[in-house]
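Chemist: fold the following for me, if possible:
(5 chains, ligands or ions: 4)
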Amino acid sequence: NKTESSDSGSGTSDVLLVGVDDSYPPMEFKDSDGKTTIGFDVDVAKELGKRLGKSDVKFVSNDWTGIFSALEINKFDVIISSVSINDERQSKHSLTKPYIANKQVIVTKKSTTDIKSPDELKGKKVGVQAGTTSEDFCRDLIKQSKLGDNGLATYPLVTQPFMDLDAGRIDAVVVDIVVAKYYISNNKDKYNLSWESSSSEPMALCFKKKDTDLRDKANKILDDMQADGTMKKISEKWFGEDVTKNLQ
Amino acid sequence: MMVKMEKVAKSFGSLEVLKNINFEVTKGEVVCIIGPSGSGKSTILRCLNHLERITSGSVYIEDELIDERVSGKDQLKISQKKVSEICSKLGMVFQRFNLFPHMTVLQNIIEAPITVKKVPKHEAIEYGLTLLRKVGLEDKKDEFPSRLSGGQQQRVAIARALAMRPKIMLFDEPTSALDPELVGEVLEVMKELANDGMTMIVVTHEMGFAKEVANRVLFMDKGEIMEEGTPQQIFSNPKNVRTKSFLQKVL
Amino acid sequence: MMVKMEKVAKSFGSLEVLKNINFEVTKGEVVCIIGPSGSGKSTILRCLNHLERITSGSVYIEDELIDERVSGKDQLKISQKKVSEICSKLGMVFQRFNLFPHMTVLQNIIEAPITVKKVPKHEAIEYGLTLLRKVGLEDKKDEFPSRLSGGQQQRVAIARALAMRPKIMLFDEPTSALDPELVGEVLEVMKELANDGMTMIVVTHEMGFAKEVANRVLFMDKGEIMEEGTPQQIFSNPKNVRTKSFLQKVL
Amino acid sequence: MDLNKLMTYMPALLEGARNTIVLTVISVIFGAILGLFLALGRLSKNKLIDRICWFYIWLFRGTPLLMQLFFIYYALPNINPTLTLPGQWIPALLALALNSAAYLAEIIRAAIQSIDKGQMEAAKALGMSYGQAMGRVIVPQSYRRLIPPVGNELIALLKDSSLVAMIAMTELMKVTNQISTRESNAAIYLPAAVLYLAMTTIFTVVFEKLEKKYSVYE
Amino acid sequence: MDLNKLMTYMPALLEGARNTIVLTVISVIFGAILGLFLALGRLSKNKLIDRICWFYIWLFRGTPLLMQLFFIYYALPNINPTLTLPGQWIPALLALALNSAAYLAEIIRAAIQSIDKGQMEAAKALGMSYGQAMGRVIVPQSYRRLIPPVGNELIALLKDSSLVAMIAMTELMKVTNQISTRESNAAIYLPAAVLYLAMTTIFTVVFEKLEKKYSVYE
Ligand SMILES: Nc1ncnc2c1ncn2[C@@H]1O[C@H](COP(=O)(O)OP(=O)(O)OP(=O)(O)O)[C@@H](O)[C@H]1O
Ligand SMILES: Nc1ncnc2c1ncn2[C@@H]1O[C@H](COP(=O)(O)OP(=O)(O)OP(=O)(O)O)[C@@H](O)[C@H]1O
Ligand SMILES: [Mg+2]
Ligand SMILES: [Mg+2]
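Modeler: Ligands and ions are numbered 1, 2, ... in the order given. From the prediction side, this is the model:
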């Protein structure tokens, strides 16, 4: 009889509203009709909705800029959109335990041979999507003087650094591994995955600050999904491997 | 007394446009106001129907005090309703016609009777057509003003003013925006009006008209009435030097 | 022969504005063109200095063929240089003055001599001041046109035209945008010009001026020259019925 | 981008374009109504009303539409949860209408002021009140002069409306961005540009027709 | 957001604002020069020149600035690597200038056409060529009428310039977005809005002064 009292706030509706920035393949993006939202996170969200007893899961497409504000003003119940865990987000929202391991990687053009690690970025230009942990990663590099002050270019969309890499204005893209793999597999003869960070960077579902009950329920469901192999299945569908293991 | 101004003065900021104006117009009289540009002729007319407010003095229409001010302060409360009433006693015809371009000739004429006086539409139309016949333009009733010549437009403007059944007609240089060969047709309509006994105040540069039709002529200069008299007195025997020099230039 | 038009016709689209116009002006002559609005008076002047191109016929200035066309087709190549040359022989004064508002009076006058005729600036200024003295406005040389009365503006416009040292002056109703008491000062300047022997073509409604100054008067109606003669002939004894009825309306 | 792929994306693009048009047209209509009142307020003899309207226009023309959108969408609920506007359409329409009202107010004011002063005088001399003169004489005459600048404003809004992507609305620009990330290819912007051109051209033509219709009396 | 935090962000905001102003002013200057030629082209008797200028204006007013930015920045290098413009400033300025040229062309054309036809006639009657008449008489008179609409265009561009965030340039809007994402707080938009208001107000005042200066002869 937990269910009676704990469906708090916006979670009371029969439909789970999920905030996504659906321009982030293969985590969340549009299908070939340009309309249907698909991706790893989308499948996770649907499963979550089912197990929460919701009749339906609806996706609200919100730009990355503003997505956290939109959550807190009840525009949706949860962000399931490759949200990396960091202190800022921990303190302002209610994050679940990690459900997928992410890593920062460096992508270069095939022809680039002199970038094999972050230590070789000095004097180079690096592109990242604005407001992502990739940006944080690069800002740390700048602090450590491994990257020049003017070495960082930030873009609103994750594709844009890749386009600028094509145009030759930047030398490397720092990006989440899952996205990198998607773009590299689509452009096999164009890009190289030059470096992969050893430390993994966990991602979580992000609920409203006040929705701790809902977050706790989601944690339970994530454990279940892990245990019964649902996560593995979804992961293999989108990445061809299981990236949901070994989460700390 | 149809119109009376007593000690009227009018300033725009520091510019004194009218100074100590006193004059009267009796029923059926035709008074012409002449004088150089900027002497304040238009302003006198505009103070009568509250298009401008006087700075001090008193104004009477049909013996009723309609404006009284002392150095810019109202001595008299007047409502919008009262202003409307005054305006419908005074018909005004402008130099530049000022017909409403988006209305046909007939619509121009019936607009004010319907919206201001709440005359029933069919009555307004009937009287409008009578007036159009009077100014000789019945066949143009459905034209837009832009299709008419200047002379025709001015005749419509006269009909529009008459449609409010005014007691007094004010004309502000009604022919000076017209091509010379069109001046005649407008003056003709005005002469007829005068013959019908309409009280009229006419600011004009048409000395011929003033000589022929006016009962009295006022000569203004620099905001003052410098001389006043019958057309004979003013045109044949002006007393004031300024009147003389003005008439020399114009005649 | 200073000016000659032979079988000139001019149409705007399907509207025939001039039909079979033939006339000549000899050196020192003053020709006035009168006629109702829309009869083509302005168009004649504008065809002389290429502001409009004729549809057919020939135009001569100082015995030189400057335009010849047959049903809209050029029979004569004329360069911009040639047009400039023709224009500087013809001074034109417009009804609405058309002074350049962003230039002072003196700048208005010296602009064309300097840019078109490449007169040295000091020479242009010197002659400009002479002309301003002639029209009685030397003290206004540094004013902007907007500060001048209509009559003063028109006198500046005359000086501006004279600054190009034209052989012939064209006037298109130079006084009809003026207040009546300002008409005289402009006519005065024009009379002086005529007395100095300038060849002039004047479109005007000022019959007094035509009577006094013109050597010849042309009466136009509906694009044709209906009657031509000395002022006496035209004003006292018009032969054409249309001339008669026009003069009746205007005088 | 090959034609087949383009054709599969076309329905999504067209739906985006439809949303763009609906957003634009509805906002302009509400913006024009509010703008008319603001314009009359600016022309009012009441200093206070004039000032308030001036301030509104200053504020909404002086800040970017994007900030207004953000303010209405994100900041209002922060100030007070009861100020949360439901869904995406209502805050989007509200922001666009409030923004365009400021621009339209100045357009309408200019049109009214460009009517010959003689018209107001003639109306007053016939005894009409200020309201009657405005309503029957001045404002109707301003319609024709309003059409070209309102058309421009509508077309500007058509393009500015792409900013609503920021508040989770799906219109043409957002659809295009989504597809472009999927494809990692800027070529999709070409058909989108063609759609924008088509929309602006259609609006231009419609407004030219309207202008002609309203010039009968000139 | 407390004042201390605000103060730490202020330098970043101000730098963003500076970039916004520099971008805007330089683009308007180049846009006006190109716009003048486009306007003269539209008024030219040569049908072909007229058509080309018309097409340019139609294209650049009919598509969103964002798409033009994308095209210049991302698509040109795709078409041919030699078309890659270096850095961010040059493509940003190019796109803004090309875009505003289209708007300014129509503004300049309208101003020129609003000059009384008698002025051209008087100039021609004095023997001036078309070029002389334009250069000495018509265009100088149009300056004063140009000031208000050019001022509006500059202010519009001031706000539209925020779109250059798309091509990785940092200006006021982008700085604000970054801070708000980091802080997960929309309050930072308030000081940014104040900065925008300050910039538009300053430009408005400057342009009003200019207008007054150029009206001496009226
Ligand atoms: N609204 C106003 N504000 C300031 N000054 C004004 C205003 N109306 C008129 N004036 C000034 O008042 C004076 C008298 O103007 P008014 O129009 O009465 O003269 P007028 O005799 O009718 O001249 P005209 O023959 O040119 O019509 C002029 O100097 C004019 O500039
Ligand atoms: N550019 C033009 N396009 C079409 N029609 C024109 C043009 N210029 C003049 N017209 C027409 O040519 C006719 C003659 O015009 P013009 O100006 O020569 O007459 P006018 O005798 O000077 O008349 P007014 O006394 O009114 O100046 C008129 O019917 C006029 O409408
Ligand atoms: Mg007057
Ligand atoms: Mg003429």
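Chemist: show me where chain A has helices.
Modeler: A:3-6, A:40-51, A:67-72, A:87-92, A:133-143, A:159-167, A:177-186, A:212-227, A:230-239 (DSSP state H).
Chemist: now do the buried residues in the third one.
Modeler: Within helix A:67-72, the residues that qualify as buried by neighbour count (16 or more other C-beta atoms under 10 Å in any protein chain shown) are A:Ile67, A:Phe68, A:Ser69, A:Ala70, A:Leu71, A:Glu72. All C-beta spots, glycine's among them, are computed from the backbone N, C-alpha and C.
Chemist: for the last one, same thing?
Modeler: In terms of neighbour count (16+ other C-beta under 10 Å), helix A:230-239 has its buried residues at A:Thr230, A:Met231, A:Lys232, A:Ile234, A:Ser235, A:Trp238, A:Phe239.
Chemist: where does D:Lys213 land on pLDDT?
Modeler: Looking at D:Lys213, its pLDDT is 87.
Chemist: please read the previous query as pertaining to D:Glu208.
Modeler: 89.
Chemist: what about the helix or strand hosting it, distance to the chain center?
Modeler: Following DSSP states H and E, one finds D:Glu208 within helix D:189-214. Remark: helix D:189-214 is offset 15 Å from the chain centroid, using C-alpha atoms, centre = their mean, to the nearest Å.
Chemist: tell me what that helix is packed against?
Modeler: Contact partners of helix D:189-214 among helices and strands, from 3 or more C-beta pairs under 8 Å, 6 or more residues apart in numbering or on different chains; DSSP states H and E: helix D:3-43, helix D:139-160, helix D:172-183, helix E:47-62, helix E:65-70.
Chemist: could you tell me the least trusted of the ones you listed?
Modeler: helix D:172-183 (a mean of 85).
Chemist: any idea how far A:Gln144 is from chain B?
Modeler: Counting by C-beta to the nearest C-beta, to the nearest Å, the gap from A:Gln144 to chain B is 72 Å.
Chemist: can you pull the phi and psi angles for that residue?
Modeler: phi -80, psi 10 (degrees, to the nearest 10).
Chemist: now do D:Asn46
Modeler: Dihedral pair for D:Asn46: phi -70, psi 110, per degrees, to the nearest 10.
Chemist: just to revisit the earlier point, out of the helices of chain A, flag the one nearest chain E.
Modeler: With C-beta to the nearest C-beta as the measure, helix A:159-167 is the member of those nearest chain E (3.6 Å).
Chemist: what about the residue of the stretch 1-150 of chain B found nearest chain E, helix or strand, and which?
Modeler: Nearest to chain E in the stretch 1-150 of chain B, going by C-beta to the nearest C-beta, is B:Arg96, at a distance of 17.9 Å. Counting by DSSP H and E, no helix or strand carries B:Arg96.
Chemist: what about it, neighbour count?
Modeler: Per other C-beta atoms under 10 Å in any protein chain shown, the neighbour tally for B:Arg96 reads 17.
Chemist: can I assume it is in contact with D:Gly118?
Modeler: Yes. B:Arg96 is within contact range of D:Gly118, at 5.6 Å (criterion: C-beta atoms under 8 Å).
Chemist: and for A:Asp22, the neighbour number?
Modeler: Neighbour tally, A:Asp22, other C-beta under 10 Å: 28.
Chemist: got it, and B:Asn98?
Modeler: What B:Asn98 shows, counting by other C-beta under 10 Å, is a neighbour count of 25.
Chemist: how close does it sit to D:Gly131?
Modeler: 19 Å (C-beta to C-beta, to the nearest Å).
Chemist: ok, A:Glu236 next?
Modeler: For A:Glu236, the distance to D:Gly131 - C-beta to C-beta - is 74 Å.
Chemist: quick check, B:Glu68 in a helix?
Modeler: No. Applying DSSP: H, G, I helix; E, B strand; the rest coil, one finds B:Glu68 to be strand, outside a helix.
Chemist: where does pLDDT dip in chain A?
Modeler: A:1-12, A:246-248 (pLDDT under 70).
Chemist: gap between the residue nearest to A:Leu205 when sequence neighbours are not counted and B:Thr199?
Modeler: In space, and not counting its chain neighbours, A:Leu205 is closest to A:Thr96: 4.4 Å by C-beta to C-beta, 6 or more residues apart in numbering or on different chains. Relative to B:Thr199, A:Thr96 is positioned 93 Å away (C-beta to C-beta).
Chemist: repeat for A:Phe68
Modeler: 80 Å.
Chemist: same question, B:Lys239
Modeler: With distances taken as C-beta to C-beta, B:Lys239 is found 27 Å from B:Thr199.
Chemist: tell me the centre residue of chain D?
Modeler: For chain D, D:Val28 is the residue whose C-alpha lies nearest the centre (C-alpha atoms, centre = their mean; 3.7 Å).
Chemist: need the contact list for that one.
Modeler: Applying C-beta atoms under 8 Å, 6 or more residues apart in numbering or on different chains, we find D:Val28 in contact with D:Ala97, D:Ser100, D:Leu104, D:Val150, D:Glu153, D:Leu154, D:Leu157.
Chemist: tell me the buried residues in stretch D:201-216?
Modeler: Result for stretch D:201-216 [16+ other C-beta under 10 Å]: buried residues D:Phe203, D:Thr204, D:Phe207, D:Leu210, D:Glu211, D:Tyr214.
Chemist: quick one, the helix or strand harbouring D:Ile90 and helix D:3-43 angle?
Modeler: For D:Ile90, the host element (DSSP H and E) is helix D:89-114. Angle of helix D:89-114 versus helix D:3-43, following axes from the mean of the first three to the mean of the last three C-alpha atoms, to 10 degrees, is 50 degrees.
Chemist: report the rounded mean pLDDT for the helix or strand following helix D:89-114.
Modeler: Next in sequence after helix D:89-114, counting helices and strands by DSSP H and E, comes helix D:117-125. Average pLDDT, helix D:117-125: 95.
Chemist: quick one: helix D:117-125 near ligand 1?
Modeler: No. For helix D:117-125, no contact with ligand 1 is found by C-beta under 6 Å from any ligand atom; the gap never falls below 9.6 Å.
Chemist: spell out which parts of the stretch 1-150 of chain B neighbour chain C.
Modeler: B:Pro36, B:Ser37 (C-beta under 8 Å from any C-beta of the partner chain).
Chemist: quick check: residues of the stretch 1-150 of chain B near ligand 2?
Modeler: Residues of the stretch 1-150 of chain B lying near ligand 2 (C-beta under 6 Å from any ligand atom): none found.
Chemist: just want the residue of the stretch 1-150 of chain B that's nearest ligand 2.
Modeler: When scored by C-beta to the nearest ligand atom, the stretch 1-150 of chain B has B:Gly150 as its residue closest to ligand 2, at 10.0 Å.
Chemist: quick one: the nearest residue to D:Tyr196 once chain neighbours are set aside from D:Thr200, how far?
Modeler: Sequence neighbours aside, E:Thr63 is the residue nearest to D:Tyr196 in space, at 5.0 Å (criterion: C-beta to C-beta, 6+ apart). E:Thr63 is 8 Å from D:Thr200, where distance means C-beta to C-beta.
Chemist: how many neighbours does residue 195 have?
Modeler: Looking at chain A here, since you left the chain open. A:Trp195: 21 neighbours (other C-beta under 10 Å).
Chemist: not what I meant, chain D
Modeler: If we define neighbours as other C-beta under 10 Å, then D:Leu195 has 20 of them.
Chemist: need the buried residues of helix A:67-72 in CSV with distance to chain D, can you?
Modeler: Converted to CSV, those look like this (distance: C-beta to the nearest C-beta, whole Å):
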residue, distance to chain D
A:Ile67, 8
A:Phe68, 10
A:Ser69, 4
A:Ala70, 6
A:Leu71, 10
A:Glu72, 8
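Chemist: angle of the helix holding D:Glu208 against helix D:172-183?
Modeler: Using the same axes, to 10 degrees, helix D:189-214 lies at 170 degrees relative to helix D:172-183.
Chemist: next one: whichever residue of chain D sits closest to ligand 1 from D:Val137, what distance?
Modeler: For chain D and ligand 1, the shortest gap (C-beta to the nearest ligand atom) falls at D:Lys117, measuring 9.6 Å. Remark: distance between D:Lys117 and D:Val137 (C-beta to C-beta) = 12 Å.
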